[in-house]
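**Q** Just to be clear, the model below is a prediction. Sequence and coordinates:
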Amino acid sequence: MIQASAMPVIRLISASTIQAPSQADSAQKIHLTPWDLVALPIKMNQKGLLFHHKPSSSQIQHLRHSLSTTLAFFPLLAGRLMATEGKNNTTYCHILCNNKGSLFVHAIAENTRVDDILQPKYVPSIVNSFFPLNGVRNCEGTSHSLLAVQVTELVDGVFIGFTINHVVADGESLWNRDKEHLLDFDPEPERTFRRRLQQARLYKAAESTMDANNADNANVANPNVNEQQGRVLGSFSAPTADLYGKSIVVPPIAANNFELKPQLVTLV
């Protein structure tokens, strides 16, 4: 007797809107390029990450807080698409950074394991339910968030899927990024972000100090550097004899006696 396997079930835990901590760029407008306008009729871009790690409730809260911090650095992800009608039946589109927020969904796939996604030859249909805003087109960014994240807990892992509008992120750049080496699941992404930010600041400070030392060494080797830097632009067009060597070379004369013509004698 063949026992039927349990049908995969997705159970929604919560759905919330994550906003940036502040609204400093609430009035900022980002106009779209012609390539962005071409992508408006198509569906939003979807990418996902699969991990052999089951997150805890505290880690889910960390992800919410990290997303809020990220939106502070990229305010357009928390904005909305705006459409304004112009003359002659024309429509102008732009992104308004009004901090409306991004969608964050927490769900559980009770009967799905990591092997159920990796072993089949084709992508299982249940994977479609791991992404938020399925079927939403880019032009619908006026009423939907431009970025939506869904964390789906599996029996022995987690799937993090995100749906992003083409007007805020190019699909080709995301595809190329997927080809690079991906890091392991980080249970504390905010702490990692702050540590890397501090390392970048220290590296930048060390680089500035090195540039200053190189400039000082160049000034010692060439004392006229500061004088050259203080010159006005018009002075560079005037010829000077200090910076140029002799360009006329007198050829050697291999003769000891010279014959003067009668015309030269009469001039003397």
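**A** In hand now; what should we look at?
**Q** To what extent is S125 buried, counted in neighbours?
**A** The number of residues packed near S125 is 8, by other C-beta atoms under 10 Å. (Glycine included, C-beta is placed from N, CA and C.)
**Q** Now do the same for it: its pLDDT.
**A** Per-residue pLDDT puts S125 at 89.
**Q** I'd like the distance between it and I18.
**A** 28 Å (C-beta to C-beta, to the nearest Å).
**Q** what does Q198 give?
**A** As for Q198, its distance to I18 is 24 Å (criterion: C-beta to C-beta).
**Q** ok, the two, which is more surrounded?
**A** Taking neighbours as other C-beta under 10 Å, Q198 and I18 compare with I18 leading, 23 against 10.
**Q** quick check: mean pLDDT across the longest helix seen in the chain?
**A** In the chain, assigned by DSSP state H, the helix with the most residues is helix 189-221. Mean pLDDT, helix 189-221: 75.
**Q** Give me the distance between that helix and the centre of its chain.
**A** Centroid separation for helix 189-221 versus its chain: 21 Å, with C-alpha atoms, centre = their mean, to the nearest Å.
**Q** so where's the stretch 51-200 of the chain uncertain?
**A** Flagging of the stretch 51-200 of the chain using pLDDT under 70 yields the residue ranges 171-187, 189-190.
**Q** which residues does the residue nearest to G141 when sequence neighbours are not counted bridge with?
**A** Spatial nearest neighbour of G141, excluding adjacent residues (C-beta to C-beta, 6 or more residues apart in numbering): L81 at 3.3 Å. Under the criterion DSSP bridges, L81 forms beta bridges with I95.
**Q** who are the neighbours in contact with L81?
**A** With contact set as C-beta atoms under 8 Å, 6 or more residues apart in numbering, L81 has these partners: 93-96, 138-139, 141-142, 146, 165, 167.
**Q** For those residues, pick the one with the most neighbours.
**A** N165 (30 neighbours).
**Q** okay, now A148: neighbour count?
**A** There are 25 residues near A148, going by other C-beta under 10 Å.
**Q** try the one 5 residues further on
**A** Under the neighbour criterion other C-beta under 10 Å, E153 is assigned a count of 20.
**Q** ok now do it, which residues does it touch?
**A** Taking C-beta under 8 Å, 6+ apart, one finds 54-55, 106-109 in contact with E153.
**Q** Now the buried members of these.
**A** 55, 106-109 (16 or more other C-beta atoms under 10 Å).
**Q** re earlier: in helices only, show me the contacts of E153.
**A** Among the contacts of E153, no member lies in helices (by DSSP H).
**Q** of all these, which comes closest to D156?
**A** Proximity of those to D156 was ranked by C-beta to C-beta; the top entry is K54 with 6.4 Å.
**Q** and V151, how far is that from D116?
**A** In terms of C-beta to C-beta, V151 sits 18 Å off from D116.
**Q** next one: S143
**A** According to C-beta to C-beta, S143 and D116 sit 34 Å apart.
**Q** And the helices in the stretch 51-200 of the chain, which stretches?
**A** Under the criterion DSSP state H, counting those that start in this stretch, helices of the stretch 51-200 of the chain are mapped to 57-73, 115-118, 171-178, 189-221.
**Q** nearest to F130, of those?
**A** Checking the helices of the stretch 51-200 of the chain against F130 by C-beta to C-beta gives helix 115-118 as the closest, at 8.8 Å.
**Q** Which positions within that closest one qualify as buried?
**A** Result for helix 115-118 [16+ other C-beta under 10 Å]: buried residues 116-117.
**Q** next one: it to chain centre, how far?
**A** Offset of helix 115-118 from its chain centre (C-alpha atoms, centre = their mean): 31 Å.
**Q** same for it, what does it pack against?
**A** Applying 3 or more C-beta pairs under 8 Å, 6 or more residues apart in numbering; DSSP states H and E, we find helix 115-118 packed against no helix or strand.
**Q** end-to-end on stretch 82-93?
**A** Stretch 82-93 has an end-to-end distance of 6 Å (C-alpha to C-alpha, to the nearest Å).
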